[in-house]
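Colleague: Task: produce atomic coordinates for the following.
(2 chains)
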Amino acid sequence: MKNKLCFFILALGAVIAGCYPEGVDYYEETDIALTHFQDDYDFLAKTTYAMPDRIVKITGNKIEGDDPEFVPDITATAILNMIAENMNSLGWQRVDIDDNPDLLLAPAAWETTTISWWYDYWGWWWGGYYPGWGCCWGGYYPPVHVTSYTTGTLVMTLIDPDIESTSGNPISQWTGAISGLMSGAYDADRVRRAIDQAFAQSPYLNTD
Amino acid sequence: MKKILIIIFSFSCIQALAQENFINFQYSIGFGTGDLGDFIDSPSFRGFVFDYRRKVEDNIALGVEVGWNVFYDELNFDTYTVENLSITGKQWRYNNQVPLLFAADYFLATEEKVKPFAGLGIGTMYSRRNTNMNQYTIEEEAWNFALRPEVGVIYDISYSTGVSATAKYYIGFESGDLPTQSYLSLNLGILFLLY
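Modeller: All right, here's what the predicted structure looks like:
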């Protein structure tokens, strides 16, 4: 009776624990678009912006002299075109940086790989079985779980070159960030949807 | 959360071996009300209740209760704005409720096979709310002071086993990061008489 009861209890626990809702099913479900703006900045008074032809990758250590790395040109060009199309549709005119633009649009990207590992720690020093603990513990030895995922992030920053903080650093008047779990291959549709969304949720950028 | 569940079930196993009178394992369906219902309006089909009772009179039983319900919902892509910050994405919401209560039941019948009863629980309830987007989560926790009225019926299958149907209403008063958390649970259980 006691053994049956123990088995029943643990089986019930395992079933319930096993059906805990896990959430994400597909990579694109993790995509987010985040935007932030300075509410005291007059975007309507501005009409031009400049943007580089490459997207810098936030990696290495520039302070220690590492050379900057860039997103591959073919990918960067596609992304910059998406940004330019959105800015154009909001009434902005792209100019060269030497033409005294009202704002600078600085894109940057980075990848973050997170590796997690853990093991269900009961049993690590008694080898999975401790005689005094009887029916409920026998034979169980915990497995090690390892998981990793890579997140890609693109940040777009609009900076007014005439405004700086008291510390002398530029101030981002608008920041748009898109982020999502990476599946291993560049997915232009996912990136486009996220960039379009970042601008769509920023109607205050419309200069028309 | 899975580790907590395993600890609870393992502890209940040890308890079952050491005590007398009856224990009741119940599958639980939860319906959020108030703030919890506003946060997640879908019912919880993932839950359990473990009850232990010792009869101190023919029609009065005292004991403890441990339970768990997880409320879960997926929200479609939408834009959430706070002041000058907007974020668009899919959202996953979780609300875990773990009541830990002392309980008292009053039986309206004691000799019949069908035994209706009413009860009251008092204790604490651990509430944990997670709002997930992308790889990020906003986690809010509380240990609420909790009350739990209950009505139910037990049907004796044999001398040592029975089945039960109960309705419990949990009220975890405002505490920690969360306002009052409340939900109704409907439970089907199987009882074992302990020797």
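Colleague: CA only for contacts and neighbour counts going forward, please
Modeller: Noted.
Colleague: which SS state does B:Y170 fall under?
Modeller: Following DSSP: H, G, I helix; E, B strand; the rest coil, we place B:Y170 in the strand state.
Colleague: Compute the number of surrounding residues for the nearest residue to it once chain neighbours are set aside.
Modeller: Of all residues beyond its chain neighbours, the one nearest B:Y170 is B:R148 (4.6 Å), with distances taken as Cα to Cα, 6 or more residues apart in numbering or on different chains. Using other Cα atoms under 10 Å in any protein chain shown, B:R148 has 21 other residues around it.
Colleague: How about A:S172?
Modeller: By the criterion of other Cα under 10 Å, A:S172 has 21 neighbours.
Colleague: what do you get for B:N144?
Modeller: Using other Cα under 10 Å, B:N144 has 22 neighbouring residues.
Colleague: pLDDT score assigned to it?
Modeller: Per-residue pLDDT puts B:N144 at 94.
Colleague: tell me which residues form a beta bridge with it?
Modeller: Bridge pairing for B:N144 (DSSP bridges) gives the partners B:M125.
Colleague: and it, what is it in contact with?
Modeller: Residues near B:N144 by Cα atoms under 8 Å, 6 or more residues apart in numbering or on different chains: B:T124, B:M125, B:Y126, B:S127, B:G172, B:F173, B:E174, B:S175, B:G176, B:T180.
Colleague: how far away is the residue nearest to B:Y170 from B:S175?
Modeller: B:R148 sits 17 Å away from B:S175, going by Cα to Cα, to the nearest Å.
Colleague: thought B:F50 was touching B:F25?
Modeller: Yes: using Cα atoms under 8 Å, B:F50 is in contact with B:F25, at 4.8 Å.
Colleague: mind listing what residue 99 touches?
Modeller: I went with chain A, as the question did not name one. So A:D99 contacts nothing (Cα under 8 Å, 6+ apart).
Colleague: um, chain B though
Modeller: B:P99 neighbours (Cα under 8 Å, 6+ apart): B:E65, B:V66, B:G67, B:W68, B:G123, B:T124, B:M125, B:Y126, B:A146.
Colleague: Count the neighbours of B:P43 for me.
Modeller: B:P43 has 19 neighbours, counted by other Cα under 10 Å.
Colleague: Contacts only, for it.
Modeller: Each residue near B:P43 by Cα under 8 Å, 6+ apart is listed here: B:I29, B:G30, B:F31, B:G32, B:F71.
Colleague: hang on, the last one is in a strand, isn't it?
Modeller: Yes: when classified by three-state DSSP, B:F71 is found to be part of a strand.
Colleague: so it sits right up against B:N96, yeah?
Modeller: Yes: under the criterion of Cα under 8 Å, B:F71 makes contact with B:N96 at 6.4 Å.
Colleague: Those two: who's more crowded?
Modeller: For B:F71 versus B:N96, neighbours defined as other Cα under 10 Å are more numerous around B:F71 (28 against 20).
Colleague: tell me which residues form a beta bridge with that one?
Modeller: If you apply DSSP bridges, the partners that B:F71 bridges to are B:N95.
Colleague: Okay, now the unreliable bits of chain A?
Modeller: In the predicted model, chain A carries pLDDT under 70 at residues A:1-19, A:60-63, A:116-147, A:183-185.
Colleague: Okay, strands next: where are they in chain B?
Modeller: B:21-33, B:46-57, B:60-82, B:85-107, B:114-133, B:136-156, B:161-172, B:181-194 (DSSP state E).
Colleague: In CSV: those, plus distance to A:T150.
Modeller: Below are the strands of chain B laid out as CSV (distance: least, Cα to Cα, whole Å):
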stretch, distance to A:T150
strand B:21-33, 35
strand B:46-57, 31
strand B:60-82, 21
strand B:85-107, 18
strand B:114-133, 15
strand B:136-156, 13
strand B:161-172, 39
strand B:181-194, 36
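Colleague: longest single strand anywhere in chain A?
Modeller: Looking across chain A with DSSP E, the single longest strand is strand A:144-164.
Colleague: Quick check: B:L85 vs A:A33, distance?
Modeller: B:L85 is 11 Å from A:A33, where distance means Cα to Cα.
Colleague: When those two are compared, which one has more neighbours?
Modeller: Taking other Cα under 10 Å, B:L85 and A:A33 do not tie; A:A33 has more neighbours (26 against 16).
Colleague: ok but the more buried one is inside a helix, no?
Modeller: No: secondary structure of A:A33 (three-state DSSP): strand, not part of a helix.
Colleague: That one bridge partners, please.
Modeller: Beta bridges link A:A33 to A:I178, B:T88, judged by DSSP bridges.
Colleague: That one and A:Q197 touch, don't they?
Modeller: Yes: between A:A33 and A:Q197 there is a contact under Cα under 8 Å: 6.5 Å.
Colleague: Find residues that contact each of the two.
Modeller: Common neighbours of A:A33 and A:Q197, using Cα under 8 Å, 6+ apart, are B:T88.
Colleague: Tell me the helices and strands packed up against the longest strand of chain A.
Modeller: Judged by 3 or more Cα pairs under 8 Å, 6 or more residues apart in numbering or on different chains; DSSP states H and E, strand A:144-164 is in contact with strand A:103-119, strand A:170-181.
Colleague: Quick check: which of those strands has the most neighbours on average?
Modeller: Mean neighbour count (mean count of other Cα atoms under 10 Å in any protein chain shown) peaks for strand A:170-181 among these, with a mean of 21.
Colleague: Run the angle between the next helix or strand after it and strand A:170-181 for me.
Modeller: The helix or strand immediately downstream of strand A:170-181 is helix A:188-200, counting by DSSP states H and E. Relative orientation of helix A:188-200 versus strand A:170-181 (axes from the mean of the first three to the mean of the last three Cα atoms, to 10 degrees): 140 degrees.
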